[in-house]
Each structure stands twice: as C-alpha cells, then as structure tokens.
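Q: let me see the structure of the following:
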Amino acid sequence: MGQGTPMRGMVLFSNFGHLYTHLVLLLYPTVVLALEHEFSLSYGELMALSVPGFIMVGAGALPAGWLADRWSSTGMMAIFFFGLGAGCLLTGMADSPLMVAVGLGAIGLFASIYHPVGISLLVRTAANRGRALGINGVYGGVGMAAAGFVAGALTDGLGWRWAFFIPGAIFAATGVLYVFLARRPRAAVEETKPYVEEAVSRSEAMRGMIVLMIAILGTGLVYNMTSVALPKVFSERAAGWLGSSEAFNAGALFSVVYAVGAAMQIVGGWLADKFPLKRIYVISYLIQAPVILFAANMTGLPLVAVAAIMVSMNMGMQATENLLVARYSPAKWKATAFGAKFVVSLGASSLAVPIVAFIRDGTGDFTWLFLSLAIIAAAVAIAGLMLPGTRREVAPSPVAVPAE
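A: Got it, this is the predicted structure:
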C-alpha cells in the first residue's frame, strides 16, 4: 500500500460516513408506511416516534465536536460507525412503539457525530479541500436519494425490520474496516492557507451571523419538513400511476428526487465560486417560494418534477450557506461557528416532524404544508437581504505540510 493510500482511505470513509448519516435518518419516513398496519397508529402518531432521534441529531453535535477535539476524531468516527449499527439493530428488534422511539433516538445520537467530526476530519486529510467538500456533499445527497429506495425495497421484500438490520450490518462492517485503516501510519497531507476574504468589520460580522442563523433555521425547516413529508406525499399523490407497491414506489420517487438534488450540489458549488454569495442565496429562495406553491395542489409526474426542483434549489445552496458562515465568523472560532450552524440546522429537524404530523393529521392533506414551506422560503429570502454585502472569495494554491 502506497504512502498516500491511508489518507485517501480516510477521505473515502468520511464521504461514506456522510452518505450513511443521511441514509439512516431518512429510512423511517418510508418504513413508517408499513407500520400503520403493524401498530395500528395514525401517520402522525408514528412520525412522532422519530422526534427523539431528530432531537438527538441536533443536541449531540456540539458534545461530539468537543470530544473529538479533546480526545480523538478517529475514535469518534469509529463510535459513529459502530453506534449506527447498534441503533439500527435496536430499532429493527423493536416490538412496541416505545422501543421504536428508543431505537430511533439511539440512531439520532450516533448520527449526530458525523457533521462536526467527519467534516473537520475531511478538511484535515483532503489534498484539495474545496473539491473534497463538494464531492462529500454529493455523497450526502446520494445517501438521501438511496434512503427511500433502500427502505422501500427492503420493507416490501423482507419486512420493515430488515430495512434497519441490513443497513446496520453494513455500518458496523464499515466500522471494522475504518478501525483497521485508522491504525495504519498516516501519510503527508495537503493543507491550504485560509481563504482570502474581503475584510469584514466586527459589527458586520455580528449582524451577518445573527441574520444567517435565523435564515439557517428557516432553510433547515424547509429541508427537513420536505424530506420527512415527501414519501407520504408521493404515496398519496404520485405512487399509484407506477403500479406495484405503495411503499416501494413512494421510496423510488423519493430517491429520484434526491438524486437530482445531490447532483445540483456541484452546480451550487460552481455558482458560489462565480457569483456574490448574498445574491445567489437570496435569488434561490425567492425562486423557491413560488415553486413550492405550485406543488401544493399537484399530483402525479408534475408533482415529482416540481419536487425535484424544490429539493435541488435547497440542496444546491448548502455550499453558499457554508461559505457565508465562514465569512462572518472569526478565524479562531470557525469550528465553533460551524458547530452552531449544525445545531440550528439539524435541530430544525426536531421541529419538522411534529409540524408535518400536525398538519397532515389535522387537515388530512399536505396542501397547508406546502403553503407553510413557501412562507418560510420567502422569509429566508427576506433575511438574506439583511446580510452585509459579499464578494466572491479566492483560494490560493495549496501548501504541503506534514499530517498530525
């Protein structure tokens, strides 16, 4: 094995960790379609079981980052892989709604490790940080796209429990391989100097971060409410025209939509490099609001097409949002700023589930959900207008330094 192979392997494991995180968090919204008969509960009551997991995803981010800094990033990533496997096993063995909630809570706790730990590990070990982060974002999108297909296929073919057992076994096996690689000597890696940024005054930085965190809460709600609701939306409005199984069709349509969204992250990264960040951030959400409104009463293939546009625009702006966080945060506090961003954005998922369940059970439809999403997207655009102006950042050539 060549000297550079261990570092390339660490980058690959970090990318798969991102894929696993988004895949495992979105297994349940498709599996839940089969549980309505298993536990004789309504859709809203079953979705409420996932709230502990989504809360843990947000609440665990800062402690996970702190442990990685104080103890070991590689050790925390090993816990991440094995913990996800254990959480999936526990959920698959559940024989009551309470145990389903406990299992999903465990999955959320271990999934919370990835974003603060895996992304920072990637930055330290990747030779080309910008390109590596872009590819990493695509892996996360692929995980989201695969979730519906994996959950639907396994639920229909083997039963809902296997939709957790099989992914859990893969996560644990990956952990074994990761521990083996992490024990090998590290090679030299390439680090870059900080991005050359336009000077930002302290007042602008403070205003930028406050406004941006409010906007991130909104973008997190749009992202999470959409991803939680779409499997059920497709099962009611679009899955029938494909024939076959409801769960499989809804999951397959969900996968197609998020595959398109994953590809859009590459385009979003290119836009962030070419145009002012504030401008493309605001324009994106100004366009999203009416697009979401169009989806409110759509069915069949037109609904799937519009949903793909919605998801693509939301996921495509993630690179811009991350660059805005970097811009408005002091150099020595960037990791803390990103930790706060993940707490806010991932914590929004704990709000998304009860909101989706409340609207669906209360109205019997998702029309008001789409109207709510459109209002939130418009509010994000208005918040974006309040950000201090930005110009495009320029990165210098990388400088090779020894790995730690």
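Q: domain assignment for the protein?
A: 1-191, 200-394 (automatic domain parsing).
Q: let's have those in TSV, adding mean neighbour count.
A: For the C-beta atoms, the positions are set from N, CA and C on the backbone; glycine is no exception. Shown next, in TSV, are the domains of the chain (neighbours: other C-beta atoms under 10 Å):
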stretch	mean neighbour count
domain 1-191	20
domain 200-394	20
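Q: mind putting those into TSV with mean pLDDT?
A: TSV is the format used below for those (pLDDT from 0 to 100):
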stretch	mean pLDDT
domain 1-191	82
domain 200-394	82
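Q: run through the strands of the stretch 101-250 of the chain in chain order.
A: Secondary structure of the stretch 101-250 of the chain (DSSP state E, counting those that start in this stretch): strands at 189-191.
Q: what's the longest helix in this protein?
A: For the chain, the helix that runs over the most residues, judged by DSSP state H, is helix 202-237.
Q: how far out from the middle of the chain is it?
A: On the basis of C-alpha atoms, centre = their mean, to the nearest Å, helix 202-237 sits 11 Å off its chain's mean C-alpha point.
Q: stretch 312-331 now?
A: Mean-position distance between stretch 312-331 and its chain equals 14 Å (C-alpha atoms, centre = their mean).
Q: same thing with stretch 363-376?
A: 21 Å.
Q: over to stretch 47-57?
A: 15 Å.
Q: same thing with stretch 153-160?
A: Offset of stretch 153-160 from its chain centre (C-alpha atoms, centre = their mean): 24 Å.
Q: hmm, who's touching it?
A: Defining contact as C-beta atoms under 8 Å, 6 or more residues apart in numbering, one finds that stretch 153-160 is touched by 30-31, 33-35, 38, 162-163, 166, 245, 247-248, 251.
Q: I'd like the list of these that fall within helices, please.
A: T30, V31, L33, A34, L35, E38, W162, A163, I166, A247, F248, G251.
Q: ok, the third one to I216 distance?
A: The reference is to L33. 30 Å (C-beta to C-beta, to the nearest Å).
Q: how about the contacts made by Y114?
A: G17, H18, Y20, T21, F80 are the contacts of Y114 under C-beta under 8 Å, 6+ apart.
Q: 10 Å instead, please
A: 14, 17-22, 24, 57, 61, 64, 76-77, 80-81, 84, 121, 140, 342 (C-beta atoms under 10 Å, 6 or more residues apart in numbering).
Q: now L217
A: V344, S345, G347, A348, L351, I376, A379, V380, A383.
Q: turn those residues into a markdown table, including secondary structure and distance to V228.
A: Below are those laid out as a markdown table (DSSP: H, G, I helix; E, B strand; the rest coil; distance: C-beta to C-beta, whole Å):
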| residue | secondary structure | distance to V228 |
| --- | --- | --- |
| V344 | helix | 17 |
| S345 | helix | 14 |
| G347 | helix | 14 |
| A348 | helix | 11 |
| L351 | helix | 11 |
| I376 | helix | 14 |
| A379 | helix | 19 |
| V380 | helix | 18 |
| A383 | helix | 23 |
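Q: now the residues you listed in TSV, with distance to Y281?
A: As requested, those are exported to TSV (distance: C-beta to C-beta, whole Å):
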residue	distance to Y281
V344	16
S345	14
G347	21
A348	17
L351	22
I376	15
A379	13
V380	8
A383	10
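Q: which member of the residues you listed is positioned nearest I135?
A: Lowest distance from I135 to the contacts of L217 (C-beta to C-beta) belongs to S345, with 20.4 Å.
Q: nearest residue to that closest one other than its sequence neighbours?
A: G220 (3.9 Å; C-beta to C-beta, 6 or more residues apart in numbering).
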